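Peer 1: The sequence and its predicted three-dimensional model are supplied below.
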Amino acid sequence: MNTTSCTNCVFFDDATKQAAAASATEAGVCRFNPPAPQAGSEAKSLWPVVTAEDWCGHFTAQRAAARAA
């Protein structure tokens, strides 16, 4: 497992399942960036959906330690 992946990030929330993430395995949402507006006048803004193995440039060892604590 990649230790710098979303699953080890303090901003990874796997408890919240949005419609787009419900069918994805090991999916969650990234709480680092704000929810993004969706197309359509009735659409809601959604947190970015990521998988546990995704990664980005916001990962730091300090944040991983905070998640583990």
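Peer 2: Arrived safely.
Peer 1: any low-confidence regions in the protein?
Peer 2: Applying pLDDT under 70 to the chain flags residues 1-2, 16-25, 61-69.
Peer 1: buried ones in stretch 27-47?
Peer 2: Neighbour counts using 16 or more other CB atoms under 10 Å place 27, 28, 29, 30, 32, 47 of stretch 27-47 among the buried residues. For every residue, glycine as well, the C-beta is placed using N, CA and C.
Peer 1: and the closest residue to the fourth one other than its chain neighbours, how many neighbours?
Peer 2: Across the structure, with CB to CB, 6 or more residues apart in numbering as the measure, the residue nearest residue 30 apart from its sequence neighbours is residue 48 (4.5 Å). Residue neighbour count, defined by other CB atoms under 10 Å, stands at 19 for residue 48.
Peer 1: OK, contacts around residue 48?
Peer 2: Contacts for residue 48 were tallied using CB atoms under 8 Å, 6 or more residues apart in numbering; they are 29, 30, 33, 36.
Peer 1: Tabulate the residues you listed (TSV), appending distance to residue 57.
Peer 2: Shown next, in TSV, are the contacts of residue 48 (distance: CB to CB, whole Å):
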residue	distance to residue 57
29	18
30	12
33	12
36	18
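Peer 1: Show the backbone phi and psi for residue 28.
Peer 2: Per-residue torsions, residue 28: phi -160, psi -160 (degrees, to the nearest 10).
Peer 1: let me redo that: residue 27
Peer 2: Per degrees, to the nearest 10, the backbone of residue 27 is at phi -100, psi 160.
Peer 1: separation between it and residue 5?
Peer 2: According to CB to CB, to the nearest Å, residue 27 stands 13 Å off from residue 5.
Peer 1: hey, what's in contact with both of the two?
Peer 2: residue 52.
Peer 1: What are the boundaries of the strands in this structure?
Peer 2: Remark: strands assigned in the chain by DSSP state E are 12-13, 27-30, 49-51.
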